[in-house]
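K.L.:
need a structure here:
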Amino acid sequence: ETLGRKDLDVAYTDRSAVSAILQNPLNQQIALIHVMKVIPTSFPGSGIEPDEDHSIAVMRESLEETGCKVLKDIGTCYAMSEEWRNDLHQ
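P.N.:
Residues are numbered from 1 along each chain as shown. Next comes the predicted model:
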């Protein structure tokens, strides 16, 4: 799915990013992050650093944004999306 629209007058910065769906196994609750920049809530995640693969980035972002330590076996990739936001294309 594509989020947002590409504005031909904007010079976008390309980057790869990840998001994680973190579910508490005890009560089945899903972790959401409160961010008021673009949308009120989102899944934890952000850009992938140059030396990271997707699984390492998911573990790092999950720990940074929620304090949750994600196991190395991160599971399945459920979806991929393309996003055009401000001057960012990810």
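
K.L.:
going forward, measure contacts between C-alpha atoms and count neighbours the same way
P.N.:
OK.

K.L.:
got the residue ranges for the helices in the chain?
P.N.:
54-66 (DSSP state H).

K.L.:
and the residue nearest the centre of it?
P.N.:
Ser19 (2.5 Å; C-alpha atoms, centre = their mean).

K.L.:
contacting residues for Ala20?
P.N.:
By C-alpha atoms under 8 Å, 6 or more residues apart in numbering, the contact set of Ala20 is 43-45, 58, 62.

K.L.:
go with 6 Å
P.N.:
43-44 (C-alpha atoms under 6 Å, 6 or more residues apart in numbering).

K.L.:
swap in the one 10 residues further on?
P.N.:
Contacts here follow C-alpha under 6 Å, 6+ apart; on that basis Ile30 touches 22-23.

K.L.:
identify the bridge partners of it.
P.N.:
Taking DSSP bridges, one obtains Gln23 as the residues bridged to Ile30.

K.L.:
so it versus Ser62, what's the distance?
P.N.:
For Ile30, the distance to Ser62 (C-alpha to C-alpha, to the nearest Å) stands at 12 Å.

K.L.:
do the same with Ser42
P.N.:
12 Å.

K.L.:
tell me which of the two has more neighbours.
P.N.:
Neighbours per residue (other C-alpha atoms under 10 Å) separate Ser42 from Ser62, with Ser62 holding more: 24 against 16.

K.L.:
and the pLDDT at the more buried one?
P.N.:
For Ser62, the pLDDT comes out at 89.

K.L.:
tell me which residues touch it, please.
P.N.:
So Ser62 contacts 44, 68 (C-alpha under 6 Å, 6+ apart).

K.L.:
tally of neighbours for Leu22?
P.N.:
By other C-alpha under 10 Å, the burial measure for Leu22, its neighbour count, is 18.

K.L.:
hang on, I meant Ala31
P.N.:
With other C-alpha under 10 Å as criterion, Ala31 counts 18.
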